[in-house]
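*Asks:* sequence and predicted structure below; questions after.
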Amino acid sequence: MASQPPTTRTERRDRVDALRNRERLLRAARAVYSEEGTDAPLKTVAERAGLGVGTVYRHFATQETLVEAVLTDHLAEMDGLAATLRDTRGPDDALADWLAEFVARLTMYRGLARLVMPQLRDHGSPLGRACQRMRTAGAELLAQAQRDGSMRADVDVVTLLTLANATALVVEQRPDQAGLVLSVLIDGLRRR
């Protein structure tokens, strides 16, 4: 087996620069998406990062791959939150708290709820695949609450997340209605 040639100092510096640029782009994208929404042009993200558009495309070939990268931490945190809530709250409260956080995160970046909605059924796109862990976490919380008898048995995770997305769309337009709309959603899910 042939050994790999040693990495040169220039190659290491190039990798470090590439990682630094990727982080700059992600920070810029988070800022731009919170101000302008997820449909902001990649050029705007590049300008905010102080980099050229070509650098954006080298790291993120499409808008969707950039959004997916921005959401990676959020999706992992939602998965971790589900595990914590399962261990510390009753099943219906765990699901309600998780949904409240899910809606809050969807409204963090204007247009995100609209972008995520089609991904609930599409497991093939990069964003759809990234959402899979989050779907699984929501499904586990829902199943636990259904087994407990506190939540309706006729709701599946796609319906649950569709309702949460719809709530986020309303809240995005009317932030003052967040608490009321979310409580109506949770009340509608509870078994009577």
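*Replies:* Perfect, I can see it now.
*Asks:* I'd like the next helix or strand past the helix or strand of the chain with the lowest mean pLDDT.
*Replies:* Here the helix or strand of the chain ranked lowest by mean pLDDT, DSSP states H and E is helix 126-130, holding a mean of 71. Counting by DSSP states H and E, the element after helix 126-130 in chain order, helix or strand, is helix 132-148.
*Asks:* and that following helix, what does it pack against?
*Replies:* Packing contacts for helix 132-148, counted by 3 or more C-beta pairs under 8 Å, 6 or more residues apart in numbering; DSSP states H and E, involve helix 63-88, helix 91-106, helix 157-173. For the C-beta atoms, the positions are set from N, CA and C on the backbone; glycine is no exception.
*Asks:* now it - C-alpha only, CSV.
*Replies:* Extracted C-alpha coordinates of helix 132-148, given in CSV (Å, rounded to 0.1, in the frame of the first residue of the first chain):
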residue,chain,number,x,y,z
GLN,A,132,-35.4,13.2,9.6
ARG,A,133,-34.0,13.2,13.2
MET,A,134,-36.3,16.0,14.1
ARG,A,135,-39.3,14.1,12.7
THR,A,136,-38.2,11.0,14.6
ALA,A,137,-37.9,13.0,17.9
GLY,A,138,-41.4,14.5,17.4
ALA,A,139,-42.8,11.1,16.5
GLU,A,140,-41.4,9.5,19.7
LEU,A,141,-42.8,12.3,21.9
LEU,A,142,-46.2,12.0,20.1
ALA,A,143,-46.3,8.2,20.5
GLN,A,144,-45.4,8.5,24.2
ALA,A,145,-48.3,11.0,24.7
GLN,A,146,-50.6,8.8,22.7
ARG,A,147,-49.7,5.7,24.8
ASP,A,148,-50.2,7.7,27.9
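*Asks:* just how off-centre is it within its chain?
*Replies:* 17 Å (C-alpha atoms, centre = their mean, to the nearest Å).
*Asks:* any chance of the helices and strands packed on helix 132-148 in JSON lines, plus mean neighbour count and mean pLDDT?
*Replies:* Converted to JSON lines, those look like this (neighbours: other C-beta atoms under 10 Å; pLDDT from 0 to 100):
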{"stretch": "helix 63-88", "mean neighbour count": "17", "mean pLDDT": "88"}
{"stretch": "helix 91-106", "mean neighbour count": "21", "mean pLDDT": "92"}
{"stretch": "helix 157-173", "mean neighbour count": "19", "mean pLDDT": "89"}
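*Asks:* okay if I get these as TSV plus distance to residue 114?
*Replies:* Below are the helices and strands packed on helix 132-148 laid out as TSV (distance: least, C-beta to C-beta, whole Å):
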stretch	distance to residue 114
helix 63-88	11
helix 91-106	9
helix 157-173	7
